[in-house]
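J.: mind folding the following:
(one chain, ligands or ions: 1)
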Amino acid sequence: MSKDSLTITDNRTGKTYEVPVQDGAIRAIDLRQIKTADDDFGLMTFDPAFTNTAACKSRITFIDGDKGILNYRGYPIEQLAEKSSYLETAYLILHGELPSRSQYEAWTYNITHHTLVHENIKDVMDGFRYDAHPMGMLMSTVAALSTFYPAAKNVHDAQVRRDQIFRLMAKMPTLAAFAYRRSVGLPYSYPDNELSYCGNFLQMMFKMSGKYTVNPVLEKALEVLFILHADHEQNCSTSAMRNVGSSEVDPYSATAAAIAALFGPLHGGANEAVLRMLKQIGSRENVAAFIKDVKGSGGEVRLMGFGHRVYKNYDPRAKIIKKMADQVFEVTGRNPLLDIALELERIALSDEYFIKRKLYPNVDFYSGLIYQAMGFPVDLFPVLFAIPRTSGWLAQWEEMLTDPDTKIARPRQLYLGSPARDYVPLSARG
Ligand code: CMC
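T.: Predicted structure coming up:
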């Protein structure tokens, strides 16, 4: 008879312990009873990058990294990308079910009618240097929003949470577009409530004088890209959102922390890094030499947009983006860097180094090529990741706050430093 438990023998003491196994995991705290003496603190696990530690229970996103499967609330990403819209997918992620028509209309209305930001935000934007990175501007202005909505700190009030969710979802594109227009010296373009979420964002980004007509192919492409980026379970930025949020700080401050985590080149900054890498390679002829550099660098030079902690197969999001690229390029013209990207992929996927380490293109490998063709500047790419990921961050934040297991995040350490010792005055030190 199999039992849902694990028997552990401590070879240091010869003692045996039985700990329960639930949902395929043991509770790390159950190991604390394993001691070599009464004054021993107890056994801990050591997992610095959380490679095998579940930090929460979640019902939002499922990934099977070996098979290349990504589902939101059980729905395959491929079906959502083909049939849903970003706002509908965001509703699903946040509420657990697809909306009815009236729920969808109310959701869309509420988000559409929270897109304006307080005029003082423009002063915050104007305080940045002309060459400020838009991700830094987004991070700071999202944090600044917490000062405009002090009631947001009541994180255990469901209605308060709802209001901030509408605001954050709605204002993110406005802040992103304002950051861009500030950096190029264009007057801010205010939200247009007649347009869709993505159509309005394009308008706020690119409208010049006169009427702006949204191109339906580009609007649809952005919808798909936003759907693909909406959530990705416990990645670095989502963990930041949950960890920071577990202190019960307001969601603007927690989202600013998540944006900071996303900014790094190993995470959401990778799409920007891919484009810079492709430009640096310069032509198809240089690809083989670049791959050689990557392989010979001992991990220092990376093929950006390749590899993933969880996917050990082709990232399903990269597959969808690669297919969509042609539709976008029909409108915008082909991005000349695509040939370099295709050659990189071809060589990498047939090279022993990448095969052995199961390194495949991830979501960031092709997304930047599309964004660039659509006219987005390279340093806006991580911002384009942050806008849709906001729905995932907020869903995970709310799930964390309403989970009875939640406590403030506070990891343990293995202290390997000096034992206790007496202070030596400066005059007595050698
Ligand atoms: N190019 C070359 N070698 C790589 C790469 C790469 N992109 N990624 C991993 N490796 C090698 C690495 O050097 C190591 O080799 P060895 O076993 O000889 O030491 C092995 O593969 C395992 O790498 P790792 O760093 O231990 O893997 P990880 O799970 O800690 O890192 C990763 C995952 C995504 C940070 C990493 O693959 C990477 O740096 N990729 C490039 C950056 C990137 O595209 N990031 C976007 C991730 S997807 C979107 C998102 O989450 O934001």
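
J.: distance of Asn313 relative to Gly307?
T.: Per Cβ to Cβ, to the nearest Å, Asn313 is found 12 Å from Gly307. For the C-beta atoms, the positions are set from N, CA and C on the backbone; glycine is no exception.

J.: neighbour count winner among those two?
T.: Neighbours were counted for Asn313 and for Gly307 using other Cβ atoms under 10 Å; Gly307 has more, 21 against 15.

J.: average pLDDT across the helix or strand that contains Ser237?
T.: Using DSSP states H and E, the element containing Ser237 is helix 236-245. Rounded to a whole number, the mean pLDDT of helix 236-245 is 98.

J.: picking up where we left off before, who touches both of Asn313 and Gly307?
T.: Contact criterion Cβ atoms under 8 Å, 6 or more residues apart in numbering; residues shared by Asn313 and Gly307: Tyr360.

J.: other SSEs contacting the helix holding Ser237?
T.: If you count contacts as 3 or more Cβ pairs under 8 Å, 6 or more residues apart in numbering; DSSP states H and E, helix 236-245 packs onto helix 251-263, helix 381-401.

J.: any idea of the angle that helix forms with helix 381-401?
T.: Angle, helix 236-245 to helix 381-401, by axes from the mean of the first three to the mean of the last three Cα atoms, to 10 degrees: 50 degrees.

J.: quick one: distance of helix 236-245 to the chain centre.
T.: Remark: helix 236-245 is offset 10 Å from the chain centroid, using Cα atoms, centre = their mean, to the nearest Å.

J.: not counting its own residues, what contacts it?
T.: For helix 236-245, contacts defined as Cβ under 8 Å, 6+ apart pick out 50, 55-56, 155, 231-232, 234, 251, 253-255, 257-262, 264, 266-268, 389, 392-393, 396-397, 400-401, 409.

J.: local confidence estimate at Ser2?
T.: pLDDT recorded at Ser2 is 70.

J.: what about the residue in the stretch 101-250 of the chain positioned nearest to the ligand, neighbour count?
T.: Across the stretch 101-250 of the chain, the shortest distance to the ligand (Cβ to the nearest ligand atom) belongs to Asn235, at 5.1 Å. Asn235 has 23 neighbouring residues, counting by other Cβ under 10 Å.

J.: now the closest residue to it other than its chain neighbours: which helix or strand?
T.: What sits nearest to Asn235 in space, not counting adjacent residues and going by Cβ to Cβ, 6 or more residues apart in numbering, is His267, at 6.9 Å. Using DSSP H and E, His267 sits in no helix or strand.

J.: show me what from the stretch 151-300 of the chain comes close to the ligand.
T.: The stretch 151-300 of the chain has residues 235, 266-268, 270, 294, 299 near the ligand, with proximity defined as Cβ under 6 Å from any ligand atom.

J.: if we go to 5 Å?
T.: 266-268, 270, 299 (Cβ under 5 Å from any ligand atom).

J.: of those residues, closest to Leu168?
T.: Leu168 lies nearest to Gly268 out of these, by Cβ to Cβ, at 16.7 Å.

J.: ok, the closest one - how many residues close by?
T.: For Gly268, the neighbour count with other Cβ under 10 Å is 27.

J.: now Gly333
T.: Gly333 is flanked by 9 other residues according to other Cβ under 10 Å.

J.: I'd say it and Ala373 touch.
T.: Yes: in this structure, Gly333 is within contact of Ala373 by Cβ atoms under 8 Å, at 7.0 Å.

J.: next, the closest residue to the ligand within the stretch 251-400 of the chain: phi, psi?
T.: Nearest to the ligand, among the residues of the stretch 251-400 of the chain, is Gly307, at 2.4 Å (Cβ to the nearest ligand atom). When read as degrees, to the nearest 10, the backbone of Gly307 gives phi 90, psi 150.

J.: what sits against it?
T.: 357, 359-360, 362.

J.: can you check Leu369 too?
T.: 275, 278, 325, 335, 337-338, 341.

J.: just Asp64 next, same as before
T.: With Cβ under 8 Å, 6+ apart, Asp64 has no contacts at all.

J.: quick check: angle from the lengthiest helix in the chain to helix 251-263?
T.: Secondary structure of the chain per DSSP state H: the longest helix is helix 158-184. Here helix 158-184 points in a direction 50 degrees away from that of helix 251-263 (the same axes, to 10 degrees).

J.: buried sites along helix 158-184?
T.: 160-161, 164-183 (16 or more other Cβ atoms under 10 Å).
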